[in-house]
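>>> Sequence and computational prediction follow.
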Amino acid sequence: MFSKQCLKHLSCGILWCLGFVQTYVFIRLYWLVSCVIPTYSMSPTLLAGDYIIISLRIPGRRLVREDNARLGHYIISRKKGDRSVRVGDVVVFNFPYSKGEEQMRMNFDLYFCKRCVAIPGETYIWEWDAVSDSVYLPRQEEVVVIDSLNFRHYNRCIEYETGIMPKLLNGTVMHADTLMHSYRFKNNYYFMRGDNCVDSYDSRFWGILPEDFILGTGQFIWFSKDRDMGKIRWERMFRKL
């Protein structure tokens, strides 16, 4: 038989454990999560083997439900966050083309980490191999003219939002057999880029990112280990992003 004192200590221990678990679950669901950086595309800001804390409150925790009208598609809404994503934020998001380069699809098992370099309402200009390119980032509910010049930037975004891929026929944009002159976007769109720009697979190659795919923003490095050397990088721990 257990003494009353032992039972009291046991009860306190169980309550403490339950409280810890509840706190952990609450924080993970509503505030913060952690992930490890697998590559050097964000070097020198982030190195492979860095573990970072991600705030779900920027731009707000995602609420996800399946779209019964479209197989494999999800309807995304958000809790009110602290603020929207800003230029310069380190953003963690689901990579939109993990299941093929032609269509955006949500894959909750694959995440990228890049820096936001342009936000909705801005035009971003970049160069690659001495070739200049630019794209306008649509705002939610903004009507944008769609033509043969910007078609390649927006066709997959429109397919993601509507389920129908527009086509470019003899310089004319067609959507569901209807002539398309403009489109009202349902998402905010962002341009993501790795700090290590010569070795980063980012928006320069796969296009602009809908806000639906954003998980949150990186806050600080809480642990870091050099996997090749097997050593802990003490100097990187608790470094703010």
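Received the coordinates, thanks.
>>> For burial, what's the neighbour tally of the nearest residue to K79 once chain neighbours are set aside?
Closest residue to K79 apart from its sequence neighbours, by C-beta to C-beta, 6 or more residues apart in numbering: R61 at 4.5 Å. C-beta: built from backbone N, CA, C; applies to glycine. The number of residues packed around R61, counting by other C-beta atoms under 10 Å, is 18.
>>> In this structure R61 contacts G81, no?
Yes. Taking contact to mean C-beta atoms under 8 Å, the distance of 7.4 Å between R61 and G81 places them in contact.
>>> Which element, helix or strand, includes R156?
Secondary structure assigned from DSSP states H and E places R156 in helix 151-162.
>>> What's the first helix or strand after that helix?
Where DSSP H and E defines the elements, the next helix or strand beyond helix 151-162 is strand 167-169.
>>> elements contacting that following strand?
If you count contacts as 3 or more C-beta pairs under 8 Å, 6 or more residues apart in numbering; DSSP states H and E, strand 167-169 packs onto strand 172-175.
>>> who does the strand it packs on touch, helix- and strand-wise?
By contact count (3+ C-beta pairs under 8 Å, 6+ apart), the secondary structure elements abutting strand 172-175 are helix 151-162, strand 167-169.
>>> which of the residues in the first one are buried?
Neighbour-count burial for helix 151-162 flags F151, H153, Y154, N155, R156, C157, I158, E159, Y160, E161 (criterion: 16 or more other C-beta atoms under 10 Å).
>>> need the residues you listed in CSV with distance to W128 and pLDDT, can you?
Below are those laid out as CSV (distance: C-beta to C-beta, whole Å; pLDDT from 0 to 100):
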residue, distance to W128, pLDDT
F151, 19, 97
H153, 15, 97
Y154, 19, 98
N155, 20, 97
R156, 19, 97
C157, 21, 98
I158, 24, 98
E159, 24, 96
Y160, 24, 96
E161, 27, 97
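>>> Just put the residues you listed in CSV and tack on distance to E211.
Below are the buried residues of helix 151-162 laid out as CSV (distance: C-beta to C-beta, whole Å):
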residue, distance to E211
F151, 22
H153, 16
Y154, 15
N155, 19
R156, 15
C157, 11
I158, 15
E159, 17
Y160, 12
E161, 12
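>>> just curious, which of those residues is nearest to I75?
Each of those was scored against I75 by C-beta to C-beta, and E161 proved nearest at 11.3 Å.
>>> doesn't N187 make contact with that closest one?
Yes. At 6.7 Å, E161 and N187 qualify as touching, with contact defined as C-beta under 8 Å.
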